[in-house]
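*Asks:* Give me a 3D structure for the following:
(2 chains)
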Amino acid sequence: MPYHEFEASKCIPERKQHAVIKGPGEDLSHALPKGYLNTIPGSISERGCAYCGAKHVIGTPMKDVIHISHGPVGCTYDTWQTKRYISDNNNFQLKYTFATDVKEKHIVFGAEPLLKKNIHEAFDAFPEIKRMTIYQTCATALIGDDIDAIAQEVMEERPDVDIFVCNSPGFAGPSQSGGHHKINIAWINQKVGTVEPEITSDYVINYVGEYNIQGDQEVMLDFFNRMGIQVLSTFTGNGSYDGLRAMHRAHLNVLECARSAEYICDELRARYGIPRLDIDGFGFEPLSGSLRKIGLFFGIEDRAEAIIAEETAKWKPQLDWYKERLKGKRVCLWPGGSKLWHWAHVIEEEMGLKVVSVYTKFGHQGDMEKGISRCSEGALAIDDPNELEGLEAIEMLKPDVIFTGKRPGEVAKKAGVPYLNAHGYHNGPYKGYEGWVRFARDIYNAIYSPMHQLSNLDISKDEIPTDNGFLTRKMLSDATLPPEVVNDPILKQYDGKLDPIPDLRAKTYPVFPKKEPAPVAAE
Amino acid sequence: MEDLTKDRVEQLLNYIMKKCLWQFNSRAWDRRKQNAGILGQTAQLLCGETPVHETANDKCYWVDAVLLAREYRARFPWINELSHDEIKALIKALHERLDFLTIDGSLNEELTVQHY
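*Replies:* Predicted coordinates:
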């Protein structure tokens, strides 16, 4: 597995240790990109900071909370509404963002009084919200503001509120991943075990590392509800603050994004003896295996099998419609962290795509181990790429589509390649069986967009066809397909709703009575 | 190791590396426990034994072992023809190879970090 040196980064020789090509017959012991290291000076990284990783990725998806940044307003502005982690309480955490608006004078004279004033103002403005998280930023960390002390003062003055302090300023790690770590540990240290929940089921889980992007959590919650499983907390998408204080009472931690949230699972295992079960919620086969595992753990596998059979029968013909049209299309799988391994193998197996490259902005070497193991030979794996390397890889690999974030996505579009938003999604949710079909639909729409094909013509030199007339995606995708596929009576395009989440929120579920505790034997 | 065994170990290993996540916990000590816990119970299940799980963690290993044993039987029918001794020898060789790839021969520099 040779290390790969980009032409654009020859002047930064350290970068050669951050990219490898998966060669035939080679394995992880031959080469592995470096990871989770400080970005090399001269390389313009696409990473976020540790404050952003703590607040924007993990803290803010909590739904019933005032999330306030103690720092310049820019820190908050740049981390507001850039991800679509919706919630079932009218998206309070997305609609409102709070900052103490620290200025130069506060840097000189201190910003603690400003913080206290802001906390009171926020609670006064939203009297129905009694929970708050406060995030340290670089500026207030450097002047030594004692956020914990202020939070304690406010909690004494307002006994009905509870405040969590996250001390993860932007410089506290090489990337947003440093912030994931800090908030995981801070939450278990400060808050877990401070609320006793009502247990309503014999089967109780924490669903960890799930951020409810466009409703992903609610899709999975539907499956868990159908199985009679009580989800005590979700860390953290659509999760409630007090639910997350009660994590210590779960029987099992079901872990989705190990990159951002394995720390709290590992600590819950060490401190409370709650085991950690890693799952894959994306793709028919991985999701089915995940539901089976959870079912097996609780002795209710039959409930999982019923869901798998029903959902597969309903959605597989639609997935296969897209698979026929996506076969062999080349993909650069360039997400932030965990999706490089959640998706690498299953988009090849279930959608027929060919992954020609994986990259991670903030992943660790463990993520690369997973991703490289799952992608096929010949794939180029890159850690923390800079923009020039991304462009060079596009030129070299000639992908049909790129799955990445908004910023590199726009760069890809300028290079003539369509992209899908791997973080906030285009038209999610992408989890669950229906979600996986929605993802395939979005990929199909991106690759076969007539508009995209037209946009690649250069009016300064290309001849613009004027006799083509009307084009649709289907005219493009079906042109080379055999008639038996085009006319297959079973396969069909996605026929779900524009937004499937409202129906899920309105659903009712069967009641699975809790077993009576075994009688205690008389002495 | 003879060629046939080597080939079979690689088939079983490839399945784990492509489809599973449990072998990639973030620290070496954790990976060693995961590999031993899950592959140990997988060998028992493939030999028709009933693993005993005394702790919640053991039960979690058992869950992954059940799924793995099922997939091995379905995807690699030759495994159903092996004697119990042959299965145990095969899983032992698989265990050594998995430990090498994920722990002893791993280039992951975070495996020995003291904390999570």
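
*Asks:* Around chain B, which positions in the stretch 201-350 of chain A sit nearby?
*Replies:* Taking Cβ under 8 Å from any Cβ of the partner chain as the contact definition, the stretch 201-350 of chain A meets chain B at A:251-252, A:258, A:262-263, A:266-267, A:269, A:273-280, A:286, A:289, A:292-293, A:296-297, A:341, A:345. Any C-beta I mention is one placed from the backbone N, CA and C, and that applies to glycine too.

*Asks:* Quick check, pLDDT for residue A:82.
*Replies:* On pLDDT, residue A:82 comes in at 69.

*Asks:* What is the neighbour count of residue B:103?
*Replies:* Residues within reach of residue B:103, counting by other Cβ atoms under 10 Å in any protein chain shown, total 18.

*Asks:* before we move on, back to that, now list the buried members of the residues of the stretch 201-350 of chain A next to chain B.
*Replies:* A:251-252, A:258, A:262-263, A:266-267, A:269, A:274-280, A:286, A:289, A:292-293, A:296-297, A:341, A:345 (16 or more other Cβ atoms under 10 Å in any protein chain shown).

*Asks:* In helices, which of those residues fall?
*Replies:* A:258, A:262-263, A:266-267, A:269, A:286, A:289, A:292-293, A:296-297, A:341 (DSSP state H).

*Asks:* would CSV of those with pLDDT be doable?
*Replies:* Compiled in CSV, these are given as follows (pLDDT from 0 to 100):
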residue, pLDDT
A:258, 94
A:262, 97
A:263, 97
A:266, 97
A:267, 97
A:269, 97
A:286, 98
A:289, 98
A:292, 98
A:293, 98
A:296, 98
A:297, 98
A:341, 95
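
*Asks:* Okay, and residue A:135 sits in which element?
*Replies:* Under the criterion DSSP states H and E, the helix or strand holding residue A:135 is strand A:131-136.

*Asks:* Contacts for that strand, please.
*Replies:* The contact list for strand A:131-136, computed with Cβ atoms under 8 Å, 6 or more residues apart in numbering or on different chains, reads A:51, A:54-55, A:59, A:62, A:64-71, A:115, A:119, A:122-123, A:145, A:147, A:151, A:161-169, A:241-242.

*Asks:* With stretch B:43-51 instead?
*Replies:* Contacts of stretch B:43-51 (Cβ under 8 Å, 6+ apart): B:40-41, B:58, B:62, B:65-66, B:69, B:72-73, B:79, B:84, B:87-88, B:91-92.

*Asks:* Name the nearest residue to the residue most central in space within chain B, sequence neighbours excluded.
*Replies:* Central residue of chain B (Cα atoms, centre = their mean): residue B:39, 3.4 Å from the mean position. Leaving aside its chain neighbours, residue B:39 sits nearest to residue B:95 (4.8 Å; criterion: Cβ to Cβ, 6 or more residues apart in numbering or on different chains).

*Asks:* Please identify the buried residues of the helix or strand bottoming out on mean pLDDT in chain A?
*Replies:* The helix or strand of chain A with the poorest confidence is helix A:450-455; it has a mean of 84 (mean pLDDT, DSSP states H and E). Using 16+ other Cβ under 10 Å as the test for burial, helix A:450-455 gives residue A:452.

*Asks:* Show me what it is packed against.
*Replies:* helix A:473-477 (3 or more Cβ pairs under 8 Å, 6 or more residues apart in numbering or on different chains; DSSP states H and E).

*Asks:* so what does the helix it packs on touch, helix or strand wise?
*Replies:* Partner elements for helix A:473-477 (3+ Cβ pairs under 8 Å, 6+ apart): helix A:432-447, helix A:450-455.
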